[in-house]
Structure formats: structure tokens, C-alpha cells
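A.B. asks: Sequence and predicted model, in that order:
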Amino acid sequence: MVKPVAISCGEPAGIGPEIAVTAWEAVRDECPVVWIGDPTHLPAGTPWKHAGDGDPVRHFQVIARDLGAPRIPGVPNPMHARGVIDAIAHGVELVKAGECCALCTAPIHKAALIDGADFAYPGHTEYLAALAGDVPVVMMLACDTLRVVPATIHIPLSAVPAQLTAATLTDTILVTHAAMRRDFGIAAPRIAVAGLNPHAGEDGKMGMEEIEMIAPTLDALRAQGLHISGPLSADTMFHAGARAQYDVAVCMYHDQALIPIKTLDFAGGVNVTLGLPFVRTSPDHGTAFDIAGKGIADATSMIAALRMAHKMAEARHG
Ligand SMILES: NC(=O)C1=CN([C@@H]2O[C@H](COP(=O)(O)OP(=O)(O)OC[C@H]3O[C@@H](n4cnc5c(N)ncnc54)[C@H](O)[C@@H]3O)[C@@H](O)[C@H]2O)C=CC1
Ligand SMILES: NCC(=O)COP(=O)(O)O
């Protein structure tokens, strides 16, 4: 029997509840899901039942949690924060216990969780790494025409150069390489690596990180047999011809990686955490407070995230 993907509710004031239901309507024949959240936050008329009751194709399956306050679209409520965090942890437990095949997280509003529950993590990626026992993880965003990995994630731009060490870059590339092989069936992944500075440093005239750290790190990994190009100029590595030369691009910071993919395919991109002992995906977008509750949110990315979760779980476990 196909196990369901657990969906954590995410920020109730955002579009999470509505895109979960719309995505379920699109994939319910191929990919069962179970949603963890407060059923009073679901769009009116959602045909939901408690998980295990009813028919998962006709009834949206819910593991009900009382989040303590109603949902007001666009207005985050600190009272929800604890329940939102617990829904993620519950999803992880279900996957670890083998009751669900993967976790798909709806977007959280990071500030609301920090303000409402002293959440100690800047995002799911870091929280899931902690729940998995502090394993090294990597954020990857993927669409049909591009995969990108930021080597540093949710930190201020001013903190990037200090965090960008040979160890960070090596771990990022090795986790990415292993996941390309295990989860995406690419036997010898071609990895393109961006420089940090304009023109990848222009021979040291516009920054020294490429010469002092990035290039020697890549040389050491090439010596281990990895197919790596770079450090490349970030501004010229994302046009169609350049993208054809690699399977995944490793970038130096969040926006260097995410701007190209969200520009190419905002609707279809999927966020996936590599390196975890379980499968986790997510839509590439955030809470979209400006359109929450209006019934106009596009669920394409959520649908792609659910399909990718199932496919990755299948690749791992059959
Ligand atoms: N995986 C996660 O939990 C993520 C959470 N976030 C969080 O989301 C919050 C808002 O972030 P923003 O940068 O404003 O990005 P956002 O993705 O929420 O919104 C950016 C723009 O795209 C639109 N948009 C987003 N998703 C859409 C959809 N499915 N259909 C139609 N339009 C859509 C929004 O209406 C808005 O105009 C932040 O708190 C951020 O931390 C952002 C990205 C991922
Ligand atoms: N911009 C991507 C993002 O913030 C996703 O973070 P995470 O919650 O998946 O760690």
C-alpha cells in the first residue's frame, strides 16, 4: 500500500491551508496525503475527516491539532506558533515511524515562530537537521530546468564570507553529490560552483575568496573524482546553454541560488532538504499573506512538492 505524505500545516495566516487542499484535489488518485493542523483553519467546505476515517480519495485526511485560535488570513497570531512547530515535529515522527513515506511542509512565517515560541531556528531546514540528530543538510531548490543549492542559507549577507569556509563548502558539495546519486538517480552528477565575488573575483582584483578558498576546495574534491566546474561567474552560469552543462549549481549564498530558479519557474519550483535520513520537500514560495484566504493561491508548487516527495520516497524505499 502507498503510504501517505505528511503535510505540516505551516503558518495558518498564510496560504498553506488552502494550497494543501487544492494540491490534494490534484494528486489524490496517485499520492495519498495526511495533513497535520487545525481543521478549523481549512477553507470552508473542505471535505475533511480524521485520518483513518472515510476514504482518503474523497476525504481530506487530517491529524487534528487545536492551535488555540482561529485563522485570520494575512494576520499571523503568536498563539499559533507552538502548534505550527509541533506539527512539523509530528510529521517527522510519522515518517520516522514508517507511517508516512515523506514530509512536505507548508510555508512558515519564521518571524512569527521566533516571536511566538522562541523558535531557535531560522527555517525548516535547520530545524529538521536538529530533529534528525544534527546531521549535515543542504537546501536545494529544483524545477524542470534547474537545481540550485545555497552553501550558506538563512544568514545576513554580511555574515556570508565568514561562514563560507572550506569545510562548509566541502560538506555542501559532498551532501549534494550523494543526494544526486541516491535520490535523483544521477550516477555521476555534474556540479557547477559559483564564485562569491563579481566575475568570480577577476583573478583576485575583485575579491580573494575564489583564489584563497573556493578554487583549492574544488581542486581537492576533483581529486576525489567529483565532476566539478568552477568557481564560475554567477551572472553567466544560469542561461540555457550554461545550465545544460551541469546537473546542479552550488551557490555561495541564499539569493544567488534562489533568484535564478524563482525567476525561471516560481510556480513549479520545489524546495527539498538533502542529507536527511527521511524525505522532506516543500513548495518554493512563502506564506503569501497578501493573497491568503482569497482563493487565488496557485498550488502548482505544492503539487510538485508532493509528487517529488513520493518519487524520492519510492527511490529510497521502493
Ligand atoms: N518553506 C518555507 O517555510 C518558506 C517560508 N517563507 C516565508 O514566507 C514569508 C513571506 O515571504 P516572501 O518573501 O514575501 O515570499 P512569498 O513567496 O510568500 O510571496 C512573494 C510574492 O509571491 C506571491 N506568491 C507566493 N506564493 C504564491 C502562490 N502559491 N500563488 C500565487 N502567488 C504567490 C505572493 O502573493 C507575493 O506577492 C516570510 O516569512 C518567509 O520567511 C518563504 C519561503 C519559504
Ligand atoms: N527561501 C527559502 C526558504 O526560506 C525555505 O526555508 P526552509 O523553511 O525550507 O528552511
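C.D. replies: Perfect, I can see it now. Ligands and ions are numbered 1, 2, ... in the order given.

A.B. asks: Grab the nearest non-local neighbour of the residue in the stretch 201-318 of the chain that ligand 1 sits nearest to.
C.D. replies: The stretch 201-318 of the chain approaches ligand 1 most closely through Gly286 (2.2 Å), counting by Cβ to the nearest ligand atom. The C-beta positions use only the backbone N, C-alpha and C, and glycine is treated the same way. The shortest distance from Gly286 to any non-neighbouring residue, by Cβ to Cβ, 6 or more residues apart in numbering, is to Pro107 (4.8 Å).

A.B. asks: Distance of the residue nearest to Phe278 when sequence neighbours are not counted relative to ligand 1?
C.D. replies: Nearest non-adjacent residue to Phe278, counting by Cβ to Cβ, 6+ apart: Val95, 4.4 Å away. Separation of Val95 from ligand 1 (Cβ to the nearest ligand atom, to the nearest Å): 17 Å.

A.B. asks: could we number from 59 for the rest of this?
C.D. replies: Fine by me, first position is 59 from now on; the one you just mentioned is Val153.

A.B. asks: is ligand 2 contacted by the helix or strand containing Val153?
C.D. replies: Using DSSP states H and E, the element containing Val153 is helix 139-154. No. Contact of helix 139-154 with ligand 2 (Cβ under 6 Å from any ligand atom) is absent, the minimum separation being 9.4 Å.

A.B. asks: Could you list the low-pLDDT ranges of the stretch 109-258 of the chain?
C.D. replies: Residues of the stretch 109-258 of the chain meeting the criterion pLDDT under 70: none.

A.B. asks: circling back: wait, what's in contact with the residue nearest to Gly344?
C.D. replies: For Pro165, the contact set (Cβ atoms under 8 Å, 6 or more residues apart in numbering) comprises Gly68, Glu69, Gly72, Ile73, Gly74, Ser340, Pro341, His343, Gly344, Thr345, Ala346.

A.B. asks: Count residues in the vicinity of the third one, would you?
C.D. replies: This points to Gly72. For Gly72, the count of nearby residues is 29 (other Cβ atoms under 10 Å).

A.B. asks: which residue packs closest to the residue of the chain at minimum distance from ligand 2, ignoring adjacent ones?
C.D. replies: Ranked by Cβ to the nearest ligand atom, the top residue of the chain for proximity to ligand 2 is Gly181, at 2.7 Å. Closest residue in space to Gly181, ignoring its immediate chain neighbours: His212 at 5.1 Å, by Cβ to Cβ, 6+ apart.
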